[in-house]
Structure formats: structure tokens, C-alpha cells
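Chemist: how would this look folded up:
(2 chains)
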Amino acid sequence: AQTVTQSQPEMSVQEAETVTLSCTYDTSESDYYLFWYKQPPSRQMILVIRQEAYKQQNATENRFSVNFQKAAKSFSLKISDSQLGDAAMYFCASSMYNNNDMRFGAGTRLTVKP
Amino acid sequence: KAGVTQTPRYLIKTRGQQVTLSCSPISGHRSVSWYQQTPGQGLQFLFEYFSETQRNKGNFPGRFSGRQFSNSRSEMNVSTLELGDSALYLCASSVRDAGYNEQFFGPGTRLTVL
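Modeler: Got it, this is the predicted structure:
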């Protein structure tokens, strides 16, 4: 079984500053994927970044990067140079290899202050 | 390419009725997964259909069912609606090759049960 935990219901950041969203997970699988999804008020879920568990290197997508600590089962998202458009709900998720059953955390609502 | 489309976007039903939601995947995608999103339970996996066959199923009662057509379009049906079925229903499509498959989400159908 997989479980994903996000312990920060809400976070806020000043525009242009950096913020880190936390996520821990639990799985007995050796092959799995981790994701961060963004859900703005429009409700459309958008993939922000993904990490394959077998890769030691942390994934990076422009201003978004992750800190993947496999032994600690931790997967945090860092947003640099925050922009107003980053305001949204952020969900951490996991799935097993070759399996589309994604398990989501409860989400973190990010507010960006101008 | 057109994105994932879901119809209708909004639905209001009364307890005891049944409802059918539709999802059209991105062209070329053969897998469609369904998720239920509620404030209390968060995002939960309902089921996945691939090549007209249910491939995975989440922990939902038999009132929730689905099917997939030869053109990969999928429908989800909920019978004997309960108040607790009020939710945002999201579908996601993917190519479904081995290993990692990015899931692309639709805008969702907001179901309200009165």
C-alpha cells in the first residue's frame, strides 16, 4: 500500500521569494514514481515535476526543484522566484511502476503575496 | 493536440438518481483513469480503463462503475446517488506504455447531490 502525507495545509510566500512544500510517503515497492501536481482555482490539475525512485539526482524543472530523500521517504518541492501565478493547491502523489493508480496527499494551499 | 475533455462540467442530481459522466482522452491515449475529489477525503482513485478493460480499481462501492469504448472515450456511472457522492470527478488519460506514463487531467465534472 502507498500513502502520501502533506503536513502543511497552507503556506504563503512573498513574490520573488523561495518556498518549500513538504511531503512524506510510505511504500513497500522498490519501483515507484513521485509527483507534484498543481491545481489552480480553475481546477485543472497540472503536472509540475516528477521523480523516478531509482534516480538519485533530484529533478528540476525551471523554477521548480525537488529534494528527494529516499531513505527518509521525503519528497519536498522548492519553488524559487515565486510568481503570482504559482498560487494554487499543490498535491504530492505517488504511483507504482507501470500503474496509473496514483495516491495523493491532502494538498497544500500556496498563497503568493505581491 | 486537444486536451482531455469532460462533459458535463456541472451536474445537479437528487438522492437516489443515477448519473453518467463522460471523458474524452487526448488523441492516441488508450488509458483513462477516474478520480474523486472531495474536501473530506481528498483525491481518491476510482478505476482505470485501458483498451476497453478495467485494469485497476480503487476502494469504492459497486454503485460506481465505468466503461471504455473502442475510441478510448470513457464513461463513469454512479447509481443510487448519495449526498456523499457530491464531488469533483476528474479523469486523466495516458498513453499507457510500460513504466512511466504521464497522466493528463481534464477540467473535471462538479457533481452536486441534493
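Chemist: Read off the pLDDT value for B:P39.
Modeler: B:P39 is assigned a predicted lDDT (pLDDT) of 91.
Chemist: meant to ask about B:Q103, not that
Modeler: At B:Q103, the pLDDT recorded in the model is 89.
Chemist: In space, what's closest to it - neighbours in sequence excluded?
Modeler: Counting by C-beta to C-beta, 6 or more residues apart in numbering or on different chains, the nearest residue to B:Q103 once its immediate chain neighbours are dropped is B:A92, at 3.9 Å. No exception for glycine: its C-beta is placed from N, CA and C like everyone else's.
Chemist: go on, A:V112?
Modeler: By the measure of C-beta to C-beta, 6+ apart, the closest residue to A:V112 outside its immediate chain neighbours is A:A87, 4.6 Å from it.
Chemist: contacting residues around the one you found?
Modeler: With C-beta atoms under 8 Å, 6 or more residues apart in numbering or on different chains as the criterion, the residues that contact A:A87 are A:40, A:110-112.
Chemist: Need those in CSV (columns: pLDDT).
Modeler: Rendered in CSV, the data for those read as follows (pLDDT from 0 to 100):
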residue, pLDDT
A:P40, 93
A:L110, 98
A:T111, 97
A:V112, 97
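Chemist: Inside strands: which ones of these?
Modeler: A:110-112 (DSSP state E).
Chemist: Can you see whether stretch A:43-58 contacts chain B, counting any residue in it?
Modeler: Yes. Using C-beta under 8 Å from any C-beta of the partner chain, stretch A:43-58 reaches chain B at A:43-47, A:50, A:52.
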